[in-house]
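K.L.:
let's see this in three dimensions:
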Amino acid sequence: MTRVVVTVMPRDGVLDPQGQAVQGALGRLGFAGIHDVRLGRRIELELEGPDPLGDARRMCEQLLANPLIEDFTVALEG
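P.N.:
Numbering: from 1, shown residues only. Below is the predicted model:
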């Protein structure tokens, strides 16, 4: 088994309302100097087979990420 970590983030220039909400809340809590907050998601997969990174990339392209508004990275955990 191979553990693969996928990170999905909004593309640069795409509105991130969750990030904006967190940025505003942090400011109201007294945290200063925050210029931008972007929220994404981390997906951990345990995969079998000869090409777990390639399989994970194909999963992202077909289901896990929206290519119109999100970028993703795939890496082995370890």
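K.L.:
what residues are up against the closest residue to Thr2 other than its chain neighbours?
P.N.:
Spatially, and ignoring its direct neighbours in sequence, Thr2 is nearest to Pro52 (4.2 Å; Cβ to Cβ, 6 or more residues apart in numbering). C-betas here are computed from N, CA, C, even on glycine. Residues in contact with Pro52, defined by Cβ atoms under 8 Å, 6 or more residues apart in numbering, are Thr2, Val4, Leu45, Leu76.
K.L.:
Gly33 versus Pro52, what's the distance?
P.N.:
When distance is defined by Cβ to Cβ, to the nearest Å, Pro52 is 40 Å away from Gly33.
K.L.:
same check, this time on Phe72
P.N.:
Phe72 sits at a distance of 29 Å from Gly33 (criterion: Cβ to Cβ).
K.L.:
repeat for Pro10
P.N.:
Computed as Cβ to Cβ, the Pro10 to Gly33 distance reads 22 Å.
K.L.:
got it, and Arg42?
P.N.:
Between Arg42 and Gly33 the computed distance is 25 Å (Cβ to Cβ).
K.L.:
most distant residue from the centre of the protein?
P.N.:
Relative to the centre of the chain, and counting by Cα atoms, centre = their mean, the farthest-placed residue is Gly30 at 26.7 Å.
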